[in-house]
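> Only the shape, not the letters, is given here:
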């Protein structure tokens, strides 16, 4: 069978799987090379030790044991250097649920995998992967026993009375993290049916164990392989084959199941919700996912499906990124190693404008004079949905006489306040003219539900704690200012009293100061502590340049490589400007942010690295001390 795949053009699943498998291959190739060197070293040292080994009456079988270990390690060295295939051991073993990912992977003559791969039914994927892991780990017992025995014998620490019994019951639950990393990654791959619906029970059973399986969820939000039926991963209001179709029906009416959150409430489970359009977020976290061996790991990636989402073949990556920007499918990481509280474990990095319900985007349009213009609007789920065929029936041109209210404002109204009002979004027609589109109640419900989900993620990520700390900091600053003002007023009062006393003394018949005594200078009373040696303040008032900046002249040169606003969202954001009459997405420094943010050493180092990595070389960086 030849390489390749038989998927649809632009399939988001294929992109995600290729990035995943390439990363896993790189990780295990590095482990393989290091392990080959370790095996060669152990065999050489054991052989030398065996030649000069004296007889030990307390361990009479030591020479026989070392001989067995050398034979075992030599066999393992052969398998890791080349083995029967000539390529060494596989870096992964895959259990693939029936679905798009299994069909395009097994349709003759295409097979995209170089690693062992088996197809299973929806409900069986995780149990099959569990069985594969149990078998692989059991077959490695003798090798790991030989490795441990080799290290003990080289250090003369092997105790037959203890270690014979210990190694008799050795199993994978007693493996070290280093030993688990030497096993191939056992990966269960499935879509909505295998993980969200039909196979959810088996996945739920896995999550309460500490078996280090890798679960990859290819989340298209529909049963793509069998016609696009709705699943519990589908969004509210979207049309699909098993929802009633037509203008009289709203599409799917249930809220979306949040599999990532369900998995994250199992304290030992690593959970990553991402998509391949955010390359930095995806690649960084896929490495963590593949290296995590303390418990199960779940990798839920949003994968655009052209036919079922109703988008063009080349639009998958763009729409996946918009799914993050609109809060339709936010990214997050739940890492149990980060701490004991949810706020410590949850990381929302990668999402735009954390702390706000919606990010702001620019809508390009042509005005009545034919000039290109930009309109700043909140980017909501309604603005995302209007771009995809699965939601298209929920939008109609707004009646000019209607009482129109933008969707972000409409969802803040109560039922009474909504009466007689029509929610709408801004859009453009075929001639790029600005128009208003009325949205259905189902889209309003979708927007409300996605906002609830986003606010929940912010809460789990500890944003409420950050806000409380920020409020506390502001309160402290306010009290500090009040104290300084009161102190200044006190100093002014003392100054006035001192000057009055000096004037009274000068106008009275007070005797001259006796010899040998000095008069306390007036400045000693009216002046505060000496300023000698004080550290000068560095800031805008001192004429210091900002830490980072992008000039307006340089902004059109931006290549939108995403390095700055993905790696340092505290300082940078994406915006849209007009360049030669066309809208262009570029990066900029968040207006006014340098007056508000605390310049920690880590942030300064990151800013320097981001400036150095800028593709267009337009970010100017200056140390707070003024050094370039």
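Okay, I see it. Quick caveat, the model's predicted, so the values are computed rather than measured. Numbering: from 1, shown residues only.

> and the closest residue in space to residue 90 that isn't next to it in sequence, how many neighbours?
Leaving aside its sequence neighbours, residue 90 sits nearest to residue 115 (Cβ to Cβ, 6 or more residues apart in numbering; 4.5 Å). Heads up, the C-betas are built off the backbone N, CA and C, glycines and all. Using other Cβ atoms under 10 Å, residue 115 has 17 neighbouring residues.

> which SS state does residue 115 fall under?
coil (DSSP: H, G, I helix; E, B strand; the rest coil).

> thinking it is in contact with residue 92, fair?
Yes - the criterion here is Cβ atoms under 8 Å, and residue 115 meets it with residue 92 at 4.3 Å.

> Residues touching stretch 63-82, excluding its own?
32, 35-36, 39-40, 42-43, 46-47, 49-50, 53, 88-89, 142-143, 146-147, 149-150, 153, 158 (Cβ atoms under 8 Å, 6 or more residues apart in numbering).

> avg pLDDT for it?
On average, the pLDDT along stretch 63-82 is 96.

> does residue 190 have beta-bridge partners, and which?
Assessed by DSSP bridges, residue 190 has beta-bridge partners residue 217.

> Lowest average confidence across helices and strands of the chain, where is it?
One helix or strand of the chain scores below all others by mean pLDDT, DSSP states H and E: helix 522-526, with a mean of 39.

> The helix or strand following it pairs with which strands?
Where DSSP states H and E defines the elements, the next helix or strand beyond helix 522-526 is strand 548-549. According to DSSP bridges, strand 548-549 forms sheet pairs with strand 620-621 (antiparallel).

> Residue 575 contacts residue 585, correct?
Yes - between residue 575 and residue 585 there is a contact under Cβ under 8 Å: 7.5 Å.

> Within the helices and strands, which one has the closest residue to residue 91 other than its chain neighbours?
Leaving aside its chain neighbours, residue 91 sits nearest to residue 28 (3.2 Å; criterion: Cβ to Cβ, 6+ apart). Assessed by DSSP H and E, residue 28 sits inside helix 12-51.

> quick one: buried residues of that helix?
In terms of neighbour count (16 or more other Cβ atoms under 10 Å), helix 12-51 has its buried residues at 12-17, 19-21, 23-25, 27-28, 31-32, 35, 38-39, 42-43, 46, 49.

> Can you tell me how far residue 486 is from residue 498?
19 Å (Cβ to Cβ, to the nearest Å).

> The two: which is more packed in?
The neighbour count for residue 486 versus residue 498, taken as other Cβ under 10 Å, is higher for residue 498 (16 against 10).

> Flag the shaky bits of this protein, pLDDT-wise.
By pLDDT under 70, the low-scoring segments of the chain are 1-3, 241-249, 466-476, 501, 503-544, 625-628.

> rerun that using 50 as the cut-off
Filtered on pLDDT under 50, the chain yields the residue ranges 1, 510, 512-543.

> Outline the domain layout of it.
Taking automatic domain parsing as the reference, the chain has its domains at 12-347, 359-464, 543-621.

> Pull up the distance across stretch 557-568, start to finish.
Taking Cα to Cα, to the nearest Å, stretch 557-568 runs 20 Å from one end to the other.

> same question, stretch 78-88
With Cα to Cα, one end of stretch 78-88 sits 8 Å from the other.

> quick one: buried residues of that stretch?
Result for stretch 78-88 [16+ other Cβ under 10 Å]: buried residues 80, 88.

> Would you list the phi and psi of residue 478?
Main-chain torsions, residue 478, degrees, to the nearest 10: phi -60, psi -40.

> Next, count neighbours for it.
Around residue 478 there are 10 residues (other Cβ under 10 Å).

> Thank you kindly, that will do.
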